[in-house]
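Participant: here is a sequence with its predicted model. Questions after.
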Amino acid sequence: MTRDEVHLNLKKLEVFYYLAKLGSCSAAAEKLLVTPSAITMQVRELETTYKVKLFMRLGNNLHLTEEGRILYSFAEKIFALATEAENSLIEMFKGKRENISVGTTQTYAKYILPPIISTFQNTHPNARIIVKIGNSAQMAESVYRMENELALVADTGIRRQLSSLLYRKEEIFIVVSNRHKWFGTKETVDIQELKKENIILSREGTGIRHLIDKIFKVYHLPLNLYLEGDLFDFIKEMLKEGNALSFLSLPPIREEIQKGLLHPIRFNFGRIYMDICVFFRTMDSLSPLAKDFIQILKEVSDDAQNNDELFLKSSNV
């Protein structure tokens, strides 16, 4: 008999394994949900195929022959590995089920997500949320590349076959410090007045940069960039020098407004808004955890917008 003439049948090996382990045809049959005669037939076929004797009977008891003991030692390793593989798959599934990866921006990670995550974990105490930070374009792209399941970011025009739901519309302000000539003197400005102003902006790929670039193109104005930066804390510090302005949303400047360090100003043609969306590949591809996370985002979005309006009114903006 050559190697190519026969292959070890794993089903027959399983029958042999449980018969040797449990010591009786009836016990092995009950374990494998077959009849005792099927157990006997499978073992005989295994013995016939390999021309060996695997069991001998002494009285009412079955005992392994030398060949049977050798085969049993291999079968024990094979089915132990099978069990280990199954357990590993189960653990991997559990890990995926209990983890959710969310991409977002520095501003949202610092000012928006913490209470949302806290609410989510109250109802999902065993869930682990992994938050990854980058600019809006990078994080939307990360969902396309399946590095994050969700991204809560500004809409920068990147689609890449992604689905999205609007989280909220966030107002963007012209922001000046208390050392700037417009502080306390202007509540609105004409966009043409910006031609002579030094402007600090976040780099390309951010939602605010995308929005401001579009507005300046519509009005055929050059964007007089004084400085570009990725970190809003850096931009705020540079604003405090007083010789430039920037465009920012409300969350990162609340404290500075209250302290009288920064002041938000609107355009005279009206308010400008940036769409903040949650991006994902498809609704069908989302895990139950991700769907629950989106539901919580929907529930808090109106409250967040209302709180912004109340804050602006109390600050006389």
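Facilitator: Right, received. Where do you want to start?

Participant: low-confidence regions, this protein specifically.
Facilitator: 1-7, 90-97, 159-160, 301-317 (pLDDT under 70).

Participant: helices of the stretch 51-200 of the chain, start to end?
Facilitator: Assigned by DSSP state H, counting those that start in this stretch, the helices in the stretch 51-200 of the chain fall at 66-98, 106-107, 113-123, 136-144.

Participant: could you say which of these is packed most deeply?
Facilitator: helix 136-144 (a mean of 23; mean count of other CB atoms under 10 Å). Bear in mind the C-beta positions are built from the backbone N, C-alpha and C, glycine included.

Participant: got the CA positions of it in CSV?
Facilitator: Extracted in CSV, the C-alpha atoms of helix 136-144 (Å, rounded to 0.1, in the frame of the first residue of the first chain):
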residue,chain,number,x,y,z
SER,A,136,-11.0,64.2,8.7
ALA,A,137,-9.8,63.0,5.3
GLN,A,138,-7.4,60.5,6.8
MET,A,139,-10.0,59.0,9.2
ALA,A,140,-12.6,58.7,6.4
GLU,A,141,-10.0,56.9,4.3
SER,A,142,-9.2,54.6,7.2
VAL,A,143,-12.8,53.3,7.1
TYR,A,144,-12.4,52.6,3.4
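
Participant: for that helix, which outside residues touch it?
Facilitator: 103-105, 132-134, 148-151, 153-156, 158, 160-162, 204-207, 210, 279-281 (CB atoms under 8 Å, 6 or more residues apart in numbering).

Participant: who's in contact with Phe247?
Facilitator: Contacts of Phe247 (CB under 8 Å, 6+ apart): Ile172, Phe173, Ile174, Val175, Ile199, Leu201, Ile208, Leu211, Ile212.

Participant: of all these, which comes closest to Val15?
Facilitator: Ile208 (68.2 Å; CB to CB).

Participant: confirm the closest one sits in a helix?
Facilitator: Yes - checked against DSSP: H, G, I helix; E, B strand; the rest coil, Ile208 lies within a helix.

Participant: and Pro264, helix, strand or coil?
Facilitator: Relying on three-state DSSP, one would call Pro264 strand.

Participant: same question but for Gly242, I mixed them up
Facilitator: Strictly by three-state DSSP, Gly242 counts as coil.
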